[in-house]
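Visitor: need a structure here:
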Amino acid sequence: MTVSFPYRIVHIGPGQYAPNDRSHSTYPIWRNLADGFDQYHVMARSTDGSDHFFQDGALHVHTHASRKRRELEFLWRQFVLVAPTQNHNPDAIVAQSPVLGGIAGACLAQRTGAPLIVELHGMEYIRPAGRSPKLHFLQSLAKHVYRRADVIRVLSDTMRQDLLAKCPSLNPNKIQVLPPRVDLSIFSTAPKTFPQSGPLALTMVGAMNQNKGQLRFLNALKAVTVPLHVRLIGDGPDLAACHAASATLPDHIQLDVLGRLPQKDISNWLSRSDVFVMYSRSEGTPRAIMEAMAMGVPVISTDAGYCRDVVQHGTTGTILSKDGTDDDLRHWITHLHEHRGTLDQWGQAGQAIAKQRYDSVTQYAAYRQMIVDAIIAKPNPRT
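Guide: The predicted structure follows:
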């Protein structure tokens, strides 16, 4: 049973949504976070040039006029939200990003006295900026927001360590580790039984683009000699090229490009998979890996972002070498095809870890409690 909290929360993020759309994957997250609060106001961007609002119980969704698809638009558009959002008299403010929402959140926190919880999802605010003026600028803004935040939520222990190394003056006590969540009502199954012969079924889930690396993955597979059945799930700029790649693969590799699918369908495909592959160049802590683990599917992943915090190398899957990644991929695919017992071992270990660490019921409760603890530690002057 969900505990009720008599508080009003404002949640600011750069996401872009169609008016009154309740079908996107983020919506059930908002619903779950809102559960138990008096009001949970989500402030986001709309897909058109108008403002929209609808209410679903405690959840209040405000999408504001947006003119560009790129999230960076929110760097300046977020300031439009400060005055109207202040009228909601928030007891706490949640910013989905240190900069794209975090700046508005810091302004609101200063005006209202409400605590600010900042989320850190990926590496863009942590990794070395190098010669990128954009990264230097964003990371500089982020540091100002970190200092004003009451809580910084990170997704793994390594991310916490990296943030402290990047910003050594931060108070470590305000950095809390809370990993992503997996809906076990969708991504859960009895322990898998893997076939002892036949093609190895490989599945990738994610946006089809250069970063996620579907085309690099398919190109690497051309030198694999064992029979494979490859499924690509997702949508994006490389979708057409992935369809066309089928004609370039050898006959012993079958390719199905399935496009974007609802979560239940993704779960069904994972239940028929032998291996989940993540071939990204950069990542945070991908929920897609956790969902595959919850389904008992072993994981092959590049050493991108914080994938190493999710995949236990040699226990639930394998992390590919940064040098010779394609060769390492081919080695492990061949090894798993020839040693099917490893699939059982990795699959069972991954499923146990996912159920213990990533269960959405437990994680949502912990997230709500994190917000409440921040409110109790810093009571709002208006109350």
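Visitor: what number of residues lie near Met370?
Guide: 16 (other CB atoms under 10 Å). Heads up, the C-betas are built off the backbone N, CA and C, glycines and all.
Visitor: kindly apply the preceding question to Arg287 instead.
Guide: When neighbours are counted by other CB under 10 Å, Arg287 registers 19.
Visitor: what is the burial count for the closest residue to it other than its chain neighbours?
Guide: Once flanking residues are discounted, Arg287 sits nearest to Pro180: 4.5 Å by CB to CB, 6 or more residues apart in numbering. Applying other CB under 10 Å, we find 21 residues neighbouring Pro180.
Visitor: so who does Pro180 touch?
Guide: Contact partners of Pro180, counting by CB atoms under 8 Å, 6 or more residues apart in numbering, are Leu155, Thr285, Arg287, Met290, Tyr358, Gln363.
Visitor: 7 Å instead, please
Guide: Leu155, Thr285, Arg287, Met290, Tyr358 (CB atoms under 7 Å, 6 or more residues apart in numbering).
Visitor: and the second one, how far from Arg181?
Guide: What that stands for is Thr285. Applying CB to CB, to the nearest Å, the value for Thr285 to Arg181 is 11 Å.
Visitor: would you map the strands across the stretch 201-350 of the chain?
Guide: 228-233, 253-259, 275-278, 299-301, 317-319 (DSSP state E, counting those that start in this stretch).
Visitor: want to try a markdown table for those strands, with mean neighbour count as columns?
Guide: As requested, those are exported to a markdown table (neighbours: other CB atoms under 10 Å):
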| stretch | mean neighbour count |
| --- | --- |
| strand 228-233 | 21 |
| strand 253-259 | 16 |
| strand 275-278 | 26 |
| strand 299-301 | 24 |
| strand 317-319 | 24 |
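Visitor: dump the ones you listed to CSV, plus mean pLDDT and distance to Ser50.
Guide: Shown next, in CSV, are the strands of the stretch 201-350 of the chain (pLDDT from 0 to 100; distance: least, CB to CB, whole Å):
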stretch, mean pLDDT, distance to Ser50
strand 228-233, 98, 33
strand 253-259, 97, 29
strand 275-278, 98, 38
strand 299-301, 98, 41
strand 317-319, 97, 45
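Visitor: quick check: which of those strands is nearest to Ser46?
Guide: Nearest to Ser46 among those is strand 253-259 (24.8 Å), distances taken as CB to CB.
Visitor: what's in contact with the closest one?
Guide: By CB under 7 Å, 6+ apart, the surrounding residues in contact with strand 253-259 are 199, 221, 228-233, 235, 239, 242-243, 245-246, 249.
Visitor: if you set the cut-off to 6 Å instead, what comes out?
Guide: Here strand 253-259 makes contact (CB atoms under 6 Å, 6 or more residues apart in numbering) with Leu221, Leu228, His229, Val230, Arg231, Leu232, Ile233, Asp235, Cys242, His243, Ser246, Leu249.
Visitor: Met123: what's it in contact with?
Guide: Counting by CB under 6 Å, 6+ apart, Met123 touches Gly305.
Visitor: try it again with 7 Å
Guide: By CB under 7 Å, 6+ apart, Met123 lies in contact with Ser282, Gly284, Gly305.
Visitor: quick one, what contacts the nearest residue to the last one once chain neighbours are set aside?
Guide: Which is Gly305. The shortest distance from Gly305 to any non-neighbouring residue, by CB to CB, 6+ apart, is to Glu283 (3.3 Å). Listed by CB under 7 Å, 6+ apart, the contact partners of Glu283 are Ala304, Gly305, Tyr306, Cys307.
Visitor: out of the residues you listed, who's nearest His313?
Guide: Nearest to His313 among the contacts of Glu283 is Cys307, at 10.0 Å by CB to CB.
Visitor: just the helices in the stretch 151-300 of the chain please.
Guide: 157-166, 214-221, 239-245, 263-271, 287-294 (DSSP state H, counting those that start in this stretch).
Visitor: out of those helices, which gets nearest to His41?
Guide: Judged by CB to CB, the one of the helices of the stretch 151-300 of the chain that comes nearest to His41 is helix 287-294, at 24.2 Å.
Visitor: relative to strand 228-233, how tilted is the closest one?
Guide: Here helix 287-294 points in a direction 130 degrees away from that of strand 228-233 (axes from the mean of the first three to the mean of the last three CA atoms, to 10 degrees).
Visitor: now for helix 287-294, which elements pack on it?
Guide: Counting by 3 or more CB pairs under 7 Å, 6 or more residues apart in numbering; DSSP states H and E, the packing neighbours recorded for helix 287-294 are strand 275-278, strand 299-301, helix 307-310, helix 340-357.
Visitor: now the next helix or strand after the last one: buried residues?
Guide: On the C-terminal side of helix 340-357, the closest following helix or strand by DSSP states H and E is helix 360-377. Burial within helix 360-377, assessed by neighbour count using 16 or more other CB atoms under 10 Å, is assigned to Ser360, Gln363, Tyr364, Ala365, Tyr367, Arg368, Met370, Ile371, Val372, Asp373, Ala374, Ile375.
Visitor: which stretches of this protein have low pLDDT?
Guide: Residue ranges of the chain with pLDDT under 70: 1-3, 379-383.
Visitor: flag every buried residue along the strand ranked longest in it.
Guide: Identified as the longest strand of the chain according to DSSP state E is strand 5-17. Across strand 5-17, burial judged by 16+ other CB under 10 Å covers Phe5, Tyr7, Arg8, Ile9, Val10, His11, Ile12, Gly13, Pro14, Gly15, Gln16, Tyr17.
Visitor: returning to that earlier point: okay if I get the contacts of Pro180 as a markdown table plus distance to Thr85?
Guide: Output for the contacts of Pro180, formatted as a markdown table (distance: CB to CB, whole Å):
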| residue | distance to Thr85 |
| --- | --- |
| Leu155 | 26 |
| Thr285 | 29 |
| Arg287 | 28 |
| Met290 | 32 |
| Tyr358 | 31 |
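Visitor: what subset of those is buried?
Guide: For the contacts of Pro180, buried by 16+ other CB under 10 Å: Leu155, Thr285, Arg287, Met290, Tyr358.
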